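Visitor: Predicted model and sequence follow; I will ask about them next.
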Amino acid sequence: MKFGEPKHVDDKIKDYLKFWNLEDTARPLIGFDVGGFFPFQWFGALKEIGENVWLEPDHLVVGKYLNDYTGVYQRASDVHDDLIKGVSPIPAIPWMEAMLGCPVEISGESIWGRERDADWEELDGISLEGNNPWFKKYLEFLEALVGNAEGEYPISQPILRGITDLVGALRGNNQALIDTMEAPGRVKDLAKRCTEALIQVTRKQYEIIPPFHQGYLIEQFGMWAPDKIVRLQEDLSAVYSPRIYCDLIQEYDREVASAFPYCLIHLHNSSLFLLDYFLEIEDIDVFQINRDVVGMSTEEMIPYLRKVQDQNRRLLIRGALSEEDLTLMKTHLSPRGLILQIVLNNAEKVPVYNDFINARFN
């Protein structure tokens, strides 16, 4: 079967299971995320709210978004590849930051979670109460999306951030880094409560999201798993030393990863100097590493990517991957337990990629 031809979901599931089982395979799983860098543009109702507006849950009338969601899924599913496509509550919204009290602003064609810059006293006992308006809106979106999909495609969590990211959002990124030196005990306490909130949200969403072919999806990465999966990330770890990460954060990443049957961690190349310490967390099953437009080249990333594979972990590489990038990955990486996700602004280049993949990978 040629890459780019329609592929039945049952065949996709079989290939995902090979990925999870680290079985030998002729080539990695390959997929596209068309428009994945600009999720704000998917939803007309967001643009109606206006510029430079502090976004509140009441601004989001869920029913106004459902037709756009149908279109988002249809456009994604029209691109034939190895990955399962789904949808999630508006990916552009920083949901976890909002739930924890950070102001959220629409600016340009983006939605920003502004740093809360909270005093320690404000953060004492911070938690997600049952009447938290952003938490309720998040669950309302999930319920509506499940009904709208009618089982045709899976519903998923969006970006829910990581422990360092949430600590930085609550204290302010610069202050949070100072805190690691001046108030490490307080940082650990706040990290613990952020961990509890992240686990709480993830567990609650799985009370609403039904399984899809006996598994669950992380929509952004087309990552289907045979059971519940949590998405972890640590963007702000890029400014943490190994000692600070291990002393203050690692145990909480371990707690999140162990709370669910499967775990994926999202990393940028700026955090790869901490890769050995992330690999120490045995419950992280998939390392999703971005090929960013800045920072390391693909050639510079290869030793880190090989290190993940050498420890029998699964690897998902995402980015605006060029033919040169794909060639390097084919040459230096094993196809076992490997997914390559190509992010494109639009679908115009998909046929060119299909021809290249069929010529080089099949």
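Guide: Arrived safely.

Visitor: And the pLDDT at residue 295?
Guide: The per-residue pLDDT reported for residue 295 equals 89.

Visitor: Sorry, wrong one. I was asking about residue 37.
Guide: 64.

Visitor: so what's the closest residue in space to residue 125 that isn't next to it in sequence up against?
Guide: Nearest-residue entry for residue 125: residue 193, 7.9 Å, with adjacent residues in sequence omitted and distances by C-beta to C-beta, 6 or more residues apart in numbering. Bear in mind the C-beta positions are built from the backbone N, C-alpha and C, glycine included. For residue 193, the residues meeting the contact criterion (C-beta atoms under 8 Å, 6 or more residues apart in numbering) are 123, 125, 126, 127.

Visitor: Pull up the gap between residue 193 and residue 252, please.
Guide: 10 Å (C-beta to C-beta, to the nearest Å).

Visitor: Next: residue 339.
Guide: Distance, residue 339 to residue 252, using C-beta to C-beta: 26 Å.

Visitor: Please apply the same query to residue 29.
Guide: For residue 29, the distance to residue 252 - C-beta to C-beta - is 30 Å.

Visitor: ditto for residue 312
Guide: As defined by C-beta to C-beta, residue 312 lies at a distance of 24 Å from residue 252.

Visitor: Of these two, which one has the most company?
Guide: The residue with more neighbours, out of residue 312 and residue 252, is residue 252; 23 against 9, by other C-beta atoms under 10 Å.

Visitor: And for that one, nearest residue in space, chain neighbours not counted?
Guide: Of all residues apart from its sequence neighbours, residue 195 sits closest to residue 252 (C-beta to C-beta, 6+ apart), at 4.3 Å.

Visitor: immediately after the helix or strand that contains the one you found, which helix or strand?
Guide: Taking DSSP states H and E as the criterion, the element that holds residue 195 is helix 184-205. Moving toward the C-terminus from helix 184-205, the next helix or strand (DSSP H and E) is strand 216-218.

Visitor: next helix or strand past that next one?
Guide: Note on strand 216-218: by DSSP H and E, the next helix or strand toward the C-terminus is strand 223-225.

Visitor: Now do that next one: which elements does it pack against?
Guide: In this structure, strand 223-225 packs against helix 9-20, strand 216-218, with contacts taken as 3 or more C-beta pairs under 8 Å, 6 or more residues apart in numbering; DSSP states H and E.

Visitor: Next SSE downstream of that strand?
Guide: Reading on from strand 223-225 to the C-terminus, the next helix or strand found by DSSP H and E is strand 229-233.

Visitor: Show me what that following strand pairs with in its sheet, parallel or antiparallel.
Guide: Taking DSSP bridges as the criterion, strand 229-233 pairs within the sheet with strand 262-267 (parallel).

Visitor: returning to that earlier point: out of the helices and strands packed on strand 223-225, flag the one nearest residue 41.
Guide: With respect to residue 41, and counting by C-beta to C-beta, the nearest of the helices and strands packed on strand 223-225 is strand 216-218 at 21.1 Å.
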